[in-house]
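Novice: 3D model of this:
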Amino acid sequence: MSVQWFPGHMHATQKALRERLKATDVVIELLDARLPGSSANPLLAQLIGDRPRLKILNKEDLADPIRTAQWLAHYSAQPRTRAIALHAHSPGPARTLVAECRRLAPHRGGMVKPLRVLIAGIPNVGKSTLINTLLGKRAAKAADEPGVTRQEQRVVLADDVYLYDTPGLLWPKIIVPESGDWLAASGAVGRNAFDEEAVALALLRVLRADYPALLEARYRLGLTAPTIAARPERELLAAIGRKRGALLPGGRIDPHKAGEAVLTDFRTGAIGRITLETPASFAAWLQAARDAEAQRQARRTERQTRDTGK
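Specialist: A predicted model of the protein is given here:
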(Lines give C-alpha, C1' and ligand atoms only; values in the text may rest on other atoms or scores of the structure.)
Protein backbone atom coordinates (compact mmCIF):
# COMPACT_ATOMS: atom_id res chain seq x y z
CA MET A 1 0.00 0.00 0.00
CA SER A 2 1.51 3.34 -1.08
CA VAL A 3 1.74 6.25 1.36
CA GLN A 4 -1.00 8.88 0.90
CA TRP A 5 -1.75 11.96 3.04
CA PHE A 6 -3.99 14.87 2.03
CA PRO A 7 -5.81 16.22 5.12
CA GLY A 8 -8.80 18.52 4.73
CA HIS A 9 -7.00 21.83 5.26
CA MET A 10 -4.91 21.18 2.13
CA HIS A 11 -8.00 21.67 -0.06
CA ALA A 12 -8.31 25.21 1.34
CA THR A 13 -4.56 25.74 0.90
CA GLN A 14 -4.77 24.73 -2.75
CA LYS A 15 -7.58 27.24 -3.38
CA ALA A 16 -5.78 30.05 -1.54
CA LEU A 17 -2.56 29.30 -3.41
CA ARG A 18 -4.35 29.57 -6.73
CA GLU A 19 -5.62 33.04 -5.79
CA ARG A 20 -2.30 34.28 -4.40
CA LEU A 21 -0.40 33.24 -7.53
CA LYS A 22 -2.42 35.74 -9.59
CA ALA A 23 -0.40 38.53 -7.94
CA THR A 24 2.96 36.78 -7.54
CA ASP A 25 6.18 37.71 -9.35
CA VAL A 26 8.49 34.91 -8.16
CA VAL A 27 7.76 31.55 -6.57
CA ILE A 28 10.21 30.01 -4.11
CA GLU A 29 9.75 26.26 -3.84
CA LEU A 30 11.49 24.81 -0.83
CA LEU A 31 12.60 21.22 -1.40
CA ASP A 32 14.19 18.62 0.86
CA ALA A 33 17.76 18.16 -0.39
CA ARG A 34 17.60 14.47 0.61
CA LEU A 35 14.67 13.88 -1.79
CA PRO A 36 14.60 16.77 -4.26
CA GLY A 37 12.41 15.06 -6.85
CA SER A 38 9.96 13.48 -4.44
CA SER A 39 9.55 16.72 -2.47
CA ALA A 40 8.78 18.77 -5.61
CA ASN A 41 5.01 19.21 -5.69
CA PRO A 42 3.58 18.39 -9.17
CA LEU A 43 0.38 20.23 -8.27
CA LEU A 44 2.39 23.36 -7.48
CA ALA A 45 4.22 23.03 -10.80
CA GLN A 46 0.87 23.12 -12.60
CA LEU A 47 -0.32 26.15 -10.64
CA ILE A 48 2.92 28.12 -11.13
CA GLY A 49 2.83 27.87 -14.91
CA ASP A 50 5.66 29.86 -16.50
CA ARG A 51 6.35 32.18 -13.56
CA PRO A 52 9.98 32.56 -12.51
CA ARG A 53 10.90 30.17 -9.73
CA LEU A 54 13.68 29.69 -7.25
CA LYS A 55 14.27 26.07 -6.22
CA ILE A 56 15.85 25.84 -2.79
CA LEU A 57 17.32 22.53 -1.66
CA ASN A 58 16.96 22.89 2.09
CA LYS A 59 18.65 20.70 4.72
CA GLU A 60 21.67 20.42 2.45
CA ASP A 61 23.80 19.73 5.53
CA LEU A 62 21.97 16.37 5.82
CA ALA A 63 22.27 15.51 2.12
CA ASP A 64 24.93 13.86 -0.01
CA PRO A 65 26.92 16.80 -1.49
CA ILE A 66 27.69 14.97 -4.74
CA ARG A 67 24.03 14.28 -5.39
CA THR A 68 23.07 17.79 -4.32
CA ALA A 69 25.33 19.14 -7.07
CA GLN A 70 23.57 16.87 -9.59
CA TRP A 71 20.16 18.16 -8.55
CA LEU A 72 21.26 21.80 -8.64
CA ALA A 73 22.48 21.32 -12.21
CA HIS A 74 19.24 19.53 -13.10
CA TYR A 75 16.97 22.30 -11.83
CA SER A 76 19.17 25.17 -13.01
CA ALA A 77 18.87 23.83 -16.56
CA GLN A 78 15.10 24.37 -16.49
CA PRO A 79 13.67 27.55 -18.03
CA ARG A 80 13.22 30.63 -15.80
CA THR A 81 14.59 28.71 -12.84
CA ARG A 82 17.44 29.25 -10.42
CA ALA A 83 18.49 26.65 -7.85
CA ILE A 84 20.52 26.95 -4.66
CA ALA A 85 21.21 24.71 -1.67
CA LEU A 86 21.22 25.89 1.92
CA HIS A 87 20.56 25.06 5.54
CA ALA A 88 17.57 27.06 6.80
CA HIS A 89 19.28 27.82 10.13
CA SER A 90 22.30 29.44 8.42
CA PRO A 91 21.83 33.24 8.09
CA GLY A 92 24.44 33.84 5.36
CA PRO A 93 23.05 31.68 2.53
CA ALA A 94 19.46 32.48 3.51
CA ARG A 95 20.02 36.19 2.91
CA THR A 96 20.97 35.52 -0.72
CA LEU A 97 17.33 34.69 -1.45
CA VAL A 98 16.24 38.29 -1.93
CA ALA A 99 19.03 38.91 -4.45
CA GLU A 100 18.14 35.70 -6.31
CA CYS A 101 14.49 36.74 -6.49
CA ARG A 102 15.42 40.18 -7.81
CA ARG A 103 17.43 38.53 -10.59
CA LEU A 104 14.42 36.46 -11.58
CA ALA A 105 12.09 39.51 -11.72
CA PRO A 106 14.26 42.53 -12.62
CA HIS A 107 11.17 44.50 -13.74
CA ARG A 108 9.84 44.55 -10.16
CA GLY A 109 11.21 46.63 -7.29
CA GLY A 110 10.77 49.95 -5.58
CA MET A 111 7.75 51.17 -3.64
CA VAL A 112 5.62 51.58 -6.78
CA LYS A 113 6.11 48.00 -7.94
CA PRO A 114 7.22 45.97 -4.93
CA LEU A 115 8.51 42.46 -5.54
CA ARG A 116 5.89 39.90 -4.52
CA VAL A 117 7.32 36.50 -3.63
CA LEU A 118 5.44 33.35 -2.70
CA ILE A 119 7.19 30.60 -0.75
CA ALA A 120 5.70 27.12 -0.92
CA GLY A 121 6.69 23.56 -0.22
CA ILE A 122 5.66 20.27 1.31
CA PRO A 123 4.89 20.06 5.05
CA ASN A 124 7.82 20.08 7.48
CA VAL A 125 10.35 21.09 4.83
CA GLY A 126 11.56 24.08 6.85
CA LYS A 127 9.73 27.13 5.46
CA SER A 128 8.98 28.65 8.86
CA THR A 129 12.55 28.09 10.04
CA LEU A 130 13.90 29.77 6.91
CA ILE A 131 11.63 32.79 7.36
CA ASN A 132 12.66 33.16 10.99
CA THR A 133 16.32 32.99 9.93
CA LEU A 134 15.78 35.64 7.25
CA LEU A 135 14.19 38.01 9.73
CA GLY A 136 16.45 37.18 12.65
CA LYS A 137 13.45 36.64 14.88
CA ARG A 138 10.58 34.24 15.46
CA ALA A 139 7.95 35.45 12.98
CA ALA A 140 6.56 32.08 11.88
CA LYS A 141 5.65 28.98 13.84
CA ALA A 142 8.18 26.19 13.38
CA ALA A 143 8.04 22.60 14.62
CA ASP A 144 9.45 19.21 13.72
CA GLU A 145 6.11 17.89 12.51
CA PRO A 146 3.95 18.45 9.41
CA GLY A 147 0.94 20.75 9.27
CA VAL A 148 1.98 23.44 11.79
CA THR A 149 1.38 26.42 9.46
CA ARG A 150 -2.34 26.54 8.59
CA GLN A 151 -2.83 30.10 7.30
CA GLU A 152 -1.06 32.38 4.84
CA GLN A 153 1.33 34.90 6.41
CA ARG A 154 2.83 38.05 4.85
CA VAL A 155 6.39 38.90 5.78
CA VAL A 156 8.28 42.08 4.78
CA LEU A 157 11.81 41.08 3.75
CA ALA A 158 12.75 44.57 2.51
CA ASP A 159 10.94 47.85 1.94
CA ASP A 160 9.96 46.66 -1.53
CA VAL A 161 9.95 42.86 -1.08
CA TYR A 162 6.92 41.06 0.32
CA LEU A 163 7.04 37.34 1.06
CA TYR A 164 3.86 35.30 1.34
CA ASP A 165 4.23 32.09 3.34
CA THR A 166 1.71 29.36 2.58
CA PRO A 167 0.87 26.20 4.55
CA GLY A 168 2.67 23.03 3.51
CA LEU A 169 0.95 21.34 0.59
CA LEU A 170 1.10 17.79 -0.72
CA TRP A 171 -0.87 16.53 -3.69
CA PRO A 172 -4.09 14.46 -3.69
CA LYS A 173 -2.50 11.29 -5.06
CA ILE A 174 1.16 10.29 -4.80
CA ILE A 175 1.64 8.01 -7.80
CA VAL A 176 5.35 7.26 -7.29
CA PRO A 177 5.61 4.62 -4.53
CA GLU A 178 9.19 5.58 -3.74
CA SER A 179 8.14 9.20 -3.25
CA GLY A 180 5.50 8.18 -0.73
CA ASP A 181 8.12 6.25 1.24
CA TRP A 182 10.65 9.09 1.16
CA LEU A 183 8.09 11.71 2.17
CA ALA A 184 7.13 9.54 5.12
CA ALA A 185 10.78 8.90 6.01
CA SER A 186 11.52 12.64 5.98
CA GLY A 187 8.57 13.50 8.24
CA ALA A 188 6.47 15.28 5.60
CA VAL A 189 3.32 13.22 6.24
CA GLY A 190 1.34 12.54 9.39
CA ARG A 191 2.43 9.54 11.46
CA ASN A 192 -0.95 7.85 11.10
CA ALA A 193 -0.56 7.71 7.31
CA PHE A 194 2.20 5.10 7.17
CA ASP A 195 3.72 2.08 8.88
CA GLU A 196 7.15 2.78 10.36
CA GLU A 197 8.43 -0.73 9.72
CA ALA A 198 7.45 -0.69 6.04
CA VAL A 199 8.99 2.75 5.44
CA ALA A 200 12.17 1.80 7.33
CA LEU A 201 12.52 -1.30 5.16
CA ALA A 202 12.17 0.81 2.01
CA LEU A 203 14.77 3.21 3.39
CA LEU A 204 17.19 0.41 4.24
CA ARG A 205 16.81 -0.98 0.72
CA VAL A 206 18.44 2.21 -0.59
CA LEU A 207 20.91 2.68 2.26
CA ARG A 208 22.33 -0.85 2.03
CA ALA A 209 22.91 -0.35 -1.71
CA ASP A 210 24.17 3.25 -1.74
CA TYR A 211 25.48 3.93 1.78
CA PRO A 212 26.50 0.61 3.40
CA ALA A 213 29.56 2.12 5.10
CA LEU A 214 27.37 4.71 6.82
CA LEU A 215 25.09 1.98 8.13
CA GLU A 216 28.05 0.10 9.60
CA ALA A 217 29.50 3.24 11.14
CA ARG A 218 26.21 4.11 12.80
CA TYR A 219 25.04 0.71 14.03
CA ARG A 220 28.31 -1.25 14.45
CA LEU A 221 26.85 -4.39 12.88
CA GLY A 222 30.27 -6.00 12.47
CA LEU A 223 29.77 -6.38 8.72
CA THR A 224 31.75 -5.21 5.71
CA ALA A 225 30.13 -2.82 3.25
CA PRO A 226 29.75 -5.53 0.55
CA THR A 227 28.12 -7.85 3.10
CA ILE A 228 25.67 -5.15 4.16
CA ALA A 229 24.84 -4.43 0.52
CA ALA A 230 24.03 -8.10 -0.01
CA ARG A 231 21.88 -8.55 3.11
CA PRO A 232 18.06 -8.38 2.82
CA GLU A 233 16.75 -5.21 4.43
CA ARG A 234 14.59 -7.20 6.86
CA GLU A 235 17.70 -8.89 8.26
CA LEU A 236 19.38 -5.51 8.60
CA LEU A 237 16.38 -4.09 10.44
CA ALA A 238 16.45 -7.04 12.85
CA ALA A 239 20.19 -6.55 13.45
CA ILE A 240 19.65 -2.84 14.08
CA GLY A 241 16.79 -3.67 16.43
CA ARG A 242 19.07 -5.92 18.48
CA LYS A 243 21.74 -3.22 18.66
CA ARG A 244 19.23 -0.58 19.72
CA GLY A 245 17.40 -2.77 22.25
CA ALA A 246 14.14 -2.83 20.32
CA LEU A 247 13.04 -6.11 21.87
CA LEU A 248 9.77 -7.79 22.81
CA PRO A 249 9.31 -10.30 25.65
CA GLY A 250 11.33 -13.43 24.97
CA GLY A 251 14.06 -11.48 23.16
CA ARG A 252 12.11 -11.15 19.91
CA ILE A 253 12.77 -8.10 17.76
CA ASP A 254 10.16 -5.34 17.83
CA PRO A 255 10.20 -4.31 14.14
CA HIS A 256 8.03 -1.27 14.78
CA LYS A 257 10.46 0.20 17.34
CA ALA A 258 13.44 -0.77 15.19
CA GLY A 259 11.81 1.02 12.26
CA GLU A 260 11.21 4.11 14.39
CA ALA A 261 14.89 4.14 15.38
CA VAL A 262 16.03 4.01 11.75
CA LEU A 263 13.64 6.79 10.70
CA THR A 264 14.71 9.01 13.60
CA ASP A 265 18.38 8.49 12.75
CA PHE A 266 17.71 9.37 9.11
CA ARG A 267 15.74 12.52 9.93
CA THR A 268 18.34 13.84 12.36
CA GLY A 269 21.30 12.99 10.13
CA ALA A 270 22.71 10.53 12.66
CA ILE A 271 23.37 7.96 9.92
CA GLY A 272 25.21 10.49 7.78
CA ARG A 273 24.69 12.72 4.75
CA ILE A 274 22.23 10.86 2.53
CA THR A 275 20.26 11.62 -0.63
CA LEU A 276 17.74 8.96 -1.60
CA GLU A 277 17.44 9.74 -5.31
CA THR A 278 19.26 11.16 -8.30
CA PRO A 279 17.65 13.01 -11.21
CA ALA A 280 18.00 9.83 -13.30
CA SER A 281 16.54 7.44 -10.71
CA PHE A 282 13.62 9.74 -9.97
CA ALA A 283 12.87 10.17 -13.68
CA ALA A 284 12.78 6.37 -14.07
CA TRP A 285 10.41 5.98 -11.07
CA LEU A 286 8.15 8.72 -12.38
CA GLN A 287 7.95 7.21 -15.86
CA ALA A 288 7.17 3.75 -14.44
CA ALA A 289 4.43 5.27 -12.26
CA ARG A 290 2.90 7.14 -15.19
CA ASP A 291 2.93 3.99 -17.29
CA ALA A 292 1.22 2.07 -14.48
CA GLU A 293 -1.39 4.82 -14.12
CA ALA A 294 -2.05 4.75 -17.87
CA GLN A 295 -2.52 0.99 -17.74
CA ARG A 296 -4.94 1.28 -14.81
CA GLN A 297 -6.91 3.94 -16.65
CA ALA A 298 -7.05 1.77 -19.77
CA ARG A 299 -8.40 -1.15 -17.73
CA ARG A 300 -11.03 1.09 -16.13
CA THR A 301 -12.10 2.39 -19.52
CA GLU A 302 -12.28 -1.15 -20.87
CA ARG A 303 -14.47 -2.28 -17.93
CA GLN A 304 -16.77 0.74 -18.32
CA THR A 305 -17.12 0.08 -22.04
CA ARG A 306 -17.84 -3.57 -21.40
CA ASP A 307 -20.41 -2.81 -18.68
CA THR A 308 -22.12 -0.18 -20.84
CA GLY A 309 -22.44 -2.68 -23.68
CA LYS A 310 -24.25 -5.25 -21.54
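
Novice: Please count neighbours and contacts with C-alpha atoms only from this point.
Specialist: Noted.

Novice: Now residue 51: phi and psi?
Specialist: Per-residue torsions, residue 51: phi -70, psi 150 (degrees, to the nearest 10).

Novice: again with the one 3 residues further on
Specialist: Here the main-chain torsion angles of residue 54 (degrees, to the nearest 10) amount to phi -120, psi 110.

Novice: for the protein, longest helix please?
Specialist: helix 279-308 (DSSP state H).

Novice: For that one, buried residues please.
Specialist: By neighbour count on 16 or more other C-alpha atoms under 10 Å, the buried set for helix 279-308 is 279, 282, 285, 286, 289.

Novice: And stretch 220-235, by the same measure?
Specialist: For stretch 220-235, by 16+ other C-alpha under 10 Å, it's 225, 228, 229, 233, 234.

Novice: State the distance from the last one to residue 53.
Specialist: Between residue 234 and residue 53 the computed distance is 41 Å (C-alpha to C-alpha, to the nearest Å).

Novice: Save the buried residues of helix 279-308 as CSV, and put in distance to residue 159 and pLDDT too.
Specialist: Formatted as CSV, the buried residues of helix 279-308 follow (distance: C-alpha to C-alpha, whole Å; pLDDT from 0 to 100):
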residue, distance to residue 159, pLDDT
279, 38, 98
282, 40, 97
285, 44, 96
286, 42, 94
289, 45, 93
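
Novice: Columns distance to residue 83 on top of those, output as TSV?
Specialist: Shown next, in TSV, are the buried residues of helix 279-308 (distance: C-alpha to C-alpha, whole Å):
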residue	distance to residue 83
279	14
282	18
285	22
286	21
289	26
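
Novice: Could you measure from residue 259 over to residue 196?
Specialist: Relative to residue 196, residue 259 is positioned 5 Å away (C-alpha to C-alpha).

Novice: make that residue 180, sorry
Specialist: Going from residue 180 to residue 196 by C-alpha to C-alpha gives 12 Å.

Novice: Show me which pair in the buried residues of stretch 220-235 is furthest apart.
Specialist: 225 and 234 (16.6 Å; C-alpha to C-alpha).

Novice: quick revisit: and the longest helix of the chain, how far from the chain's centre?
Specialist: Offset of helix 279-308 from its chain centre (C-alpha atoms, centre = their mean, to the nearest Å): 24 Å.

Novice: Repeat that for stretch 204-214.
Specialist: Stretch 204-214 sits 19 Å away from the centroid of its parent chain (C-alpha atoms, centre = their mean).

Novice: repeat for stretch 213-223
Specialist: 26 Å.

Novice: any residues touching it, and which ones?
Specialist: Contact partners of stretch 213-223, identified using C-alpha atoms under 8 Å, 6 or more residues apart in numbering, comprise 207, 208, 224, 225, 228, 239, 240, 243, 270, 271, 272.

Novice: Just the buried residues of those residues.
Specialist: In those, the ones that pass as buried (16+ other C-alpha under 10 Å) are 207, 208, 225, 228, 239, 240, 271, 272.

Novice: can you put the residues you listed in JSON lines and add distance to residue 12 and pLDDT?
Specialist: Putting these into JSON lines (distance: C-alpha to C-alpha, whole Å; pLDDT from 0 to 100) gives the following:
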{"residue": "207", "distance to residue 12": "37", "pLDDT": "97"}
{"residue": "208", "distance to residue 12": "40", "pLDDT": "97"}
{"residue": "225", "distance to residue 12": "48", "pLDDT": "95"}
{"residue": "228", "distance to residue 12": "46", "pLDDT": "96"}
{"residue": "239", "distance to residue 12": "44", "pLDDT": "96"}
{"residue": "240", "distance to residue 12": "42", "pLDDT": "97"}
{"residue": "271", "distance to residue 12": "37", "pLDDT": "97"}
{"residue": "272", "distance to residue 12": "37", "pLDDT": "97"}
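
Novice: nearest to residue 294, of these?
Specialist: Nearest member of those to residue 294, counting by C-alpha to C-alpha, is residue 207, at 30.6 Å.

Novice: any idea how far residue 134 is from the closest one?
Specialist: 34 Å.

Novice: Name the helix or strand of the protein that has the lowest mean pLDDT.
Specialist: Least confident helix or strand of the chain, by mean pLDDT, DSSP states H and E, is helix 91-94 with a mean of 71.

Novice: what's the following helix or strand after that helix?
Specialist: Scanning forward in sequence from helix 91-94 by DSSP states H and E, the next helix or strand is helix 96-104.

Novice: tell me what that following helix is packed against?
Specialist: Helices and strands touching helix 96-104, by 3 or more C-alpha pairs under 8 Å, 6 or more residues apart in numbering; DSSP states H and E, are strand 53-58, strand 81-85.

Novice: and the ones you listed, which is most packed in?
Specialist: strand 53-58 (a mean of 25; mean count of other C-alpha atoms under 10 Å).
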